[in-house]
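Peer 1: sequence-free structure coming up:
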Ligand code: NIG
Ligand code: FE
């Protein structure tokens with residue numbers, strides 16, 4: 001059984017558990033902005049407190065893979081950060097990795113006015129990717145997924161969640177989860193695995209027959225994979241509230257978290273049901289009625305908003321401003337998948353949220369850092385810049401206000417994972433000139 005307490009550690013994994021040589025302490029000096037929480041030790045922060053995040057100039061020192069503090073260290077290697085902002089490594093709390101293939105032809109149909117539900121009912125959508133997944137070799141799935149994880153890294157993502165869901169049989173789901181665990185061994189990021197065991201109802205089965213099979217396999221999911229959450233797609237074309245309640249019971253009985261895809265394409269009133277079923281997050285919410293905002297803000301359940309899917313699918317917009325103002329735990333994620341959101345870049349997602357939700361940059365940054373880490377149950381380790389937390393740090397090539405404004409530009413100058421440069425944009429290499437060459441080369445992926 002794989003470790004289940006906290007996020008997977010890429011350093012230990014990628015080197016086969018052999019203790020790696022400690023990188024030299026680094027001080028990132030002279031940044032114009034460093035994003036910090038209002039106090040240390042917060043596990044999450046209500047959206048209406050995002051204005052308390054500070055963005056002061058300064059230095060940041062990292063050693064032994066963790067954040068040491070905000071003073072330069074006498075013996076450390078200096079990284080010149082003039083003109084830069086320093087933010088925590090981004091946490092993408094909702095992706096559908098691993099998957100294989102794309103569905104550009106469906107996007108062309110959508111642009112021509114065919115709705116997602118119609119494409120799905122005709123055998124496209126999730127079923128189409130499930131067919132590609134069944135046909136592909138393990139290496140083909142891993143190779144595409146690794147490339148996407150690398151692309152995410154270059155856009156600042158240092159922790160991501162991935163889901164099963166394209167298996168469409170119990171063996172297929174277990175294969176997807178095993179491939180997710182294999183992917184975790186092959187990427188630099190920390191990863192968290194979710195078993196999306198109710199994604200689409202396969203032909204020839206009723207939803208309740210499928211849920212019977214799910215109930216029979218959760219024990220194996222727990223024993224054989226690192227998945228720490230169950231997930232379900234609640235929609236007229238997928239599963240109903242009975243299945244949602246049943247998934248909540250299965251999650252509770254097996255000590256797993258419950259994640260949910262709700263209110264994406266139509267209003268079903270699923271938010272109170274998901275909260276009642278013990279959900280840690282309600283994701284999508286494009287069709288969520290504003291009357292449900294107060295209950296969600298009261299609950300210990302995050303609103304995970306996916307503006308990439310909303311944009312690509314020309315979906316409705318969630319009551320995103322109201323959720324922030326009511327004090328909900330608000331999260332932004334990519335929803336990276338081949339159908340509704342072929343998007344890897346959280347800076348792009350921040351740009352969409354700023355414009356379409358009218359969120360401030362602090363609100364958006366909180367939603368891709370601390371609150372996103374809370375959904376993944378690892379905000380004690382990542383998600384904010386504070387002493388003792390893992391040294392996952394992103395250097396931006398300008399002030400944070402430029403992330404939404406320079407829409408489409410990748411603002412990420414460098415990414416540090418566990419205290420080591422994991423990606424340095426070639427035009428920013430001069431900032432790292434005093435780094436020993438071996439450490440600089442570590443970033444040359
Ligand atoms: O999050 N809504 C359901 N699941 C995915 C879409 C998956 C697909 O179309 O392949 C989503 O949007
Ligand atoms: Fe999704």
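Peer 2: Noted; the coordinates are in hand. As the structure is a prediction and not an experimental result, all values here were calculated from the model. Numbers count the residues shown, from 1 in each chain. Ligands and ions are numbered 1, 2, ... in the order given.
Peer 1: Strands along the stretch 201-350 of the chain, start to end?
Peer 2: Taking DSSP state E, counting those that start in this stretch, the strands of the stretch 201-350 of the chain run over residues 229-233, 257-262, 281-284, 302-305, 329-332.
Peer 1: Tabulate those (a markdown table), appending distance to ligand 1 and mean neighbour count.
Peer 2: (Each C-beta comes from the backbone N, C-alpha and C, glycine too.) Below are the strands of the stretch 201-350 of the chain laid out as a markdown table (distance: least, CB to the nearest ligand atom, whole Å; neighbours: other CB atoms under 10 Å):
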| stretch | distance to ligand 1 | mean neighbour count |
| --- | --- | --- |
| strand 229-233 | 4 | 26 |
| strand 257-262 | 5 | 26 |
| strand 281-284 | 7 | 28 |
| strand 302-305 | 10 | 29 |
| strand 329-332 | 14 | 30 |
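Peer 1: Any chance of those in TSV with mean pLDDT and distance to residue 52 as columns?
Peer 2: TSV is the format used below for the strands of the stretch 201-350 of the chain (pLDDT from 0 to 100; distance: least, CB to CB, whole Å):
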stretch	mean pLDDT	distance to residue 52
strand 229-233	98	29
strand 257-262	98	27
strand 281-284	99	23
strand 302-305	99	18
strand 329-332	99	14
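Peer 1: give me the residue from this protein nearest ligand 1.
Peer 2: residue 339 (2.4 Å; CB to the nearest ligand atom).
Peer 1: and that residue, what is it in contact with?
Peer 2: Residues near residue 339 by CB atoms under 8 Å, 6 or more residues apart in numbering: 103, 106, 116, 125-126, 128-129.
Peer 1: Any idea which of those the model trusts least?
Peer 2: On pLDDT alone, residue 116 ranks lowest of those, at 92.
Peer 1: Would you mind measuring from it to residue 341?
Peer 2: As judged by CB to CB, to the nearest Å, residue 116 and residue 341 stand 12 Å apart.
Peer 1: ok, now residue 292?
Peer 2: Going from residue 292 to residue 341 by CB to CB gives 23 Å.
Peer 1: Tell me which of those two has more neighbours.
Peer 2: Each of residue 292 and residue 341 has its neighbours counted (other CB atoms under 10 Å); residue 341 has more, 23 against 20.
Peer 1: I'd say the more buried one and residue 334 touch.
Peer 2: Yes - if you go by CB atoms under 8 Å, residue 341 and residue 334 touch, sitting 6.3 Å apart.
Peer 1: any shared contact partners between these two?
Peer 2: What both residue 341 and residue 334 touch, as defined by CB under 8 Å, 6+ apart, is the set 306, 308.
Peer 1: List the residues that contact the spatially closest residue to residue 304 that is not a sequence neighbour.
Peer 2: Using CB to CB, 6 or more residues apart in numbering and skipping residues adjacent in sequence, the residue nearest residue 304 is residue 283, 4.0 Å away. By CB under 8 Å, 6+ apart, residue 283 lies in contact with 94, 259-262, 304-306, 333, 335.
Peer 1: Show me what residue 283 is bridged to.
Peer 2: residue 261, residue 304 (DSSP bridges).
Peer 1: What residues does the stretch 151-300 of the chain have near ligand 1?
Peer 2: Taking CB under 6 Å from any ligand atom as the contact definition, the stretch 151-300 of the chain meets ligand 1 at 233, 261, 264.
Peer 1: for the spatially most central residue of the chain, phi and psi?
Peer 2: Closest to where the C-alpha atoms of the chain average out (CA atoms, centre = their mean) is residue 92, at 1.8 Å. Here is the backbone geometry of residue 92 (degrees, to the nearest 10): phi -100, psi 100.
Peer 1: Please look at it and residue 158 and confirm they touch.
Peer 2: No - contact criterion CB under 8 Å: residue 92 and residue 158 do not qualify, at 9.2 Å.
Peer 1: contacting residues for the closest residue to residue 349 other than its chain neighbours?
Peer 2: Counting by CB to CB, 6+ apart, residue 332 is the residue found nearest to residue 349 once chain neighbours are left out, at 5.3 Å. Neighbour list for residue 332: 304-307, 346, 349-350, 353, 364, 367-368, 372 [criterion: CB under 8 Å, 6+ apart].
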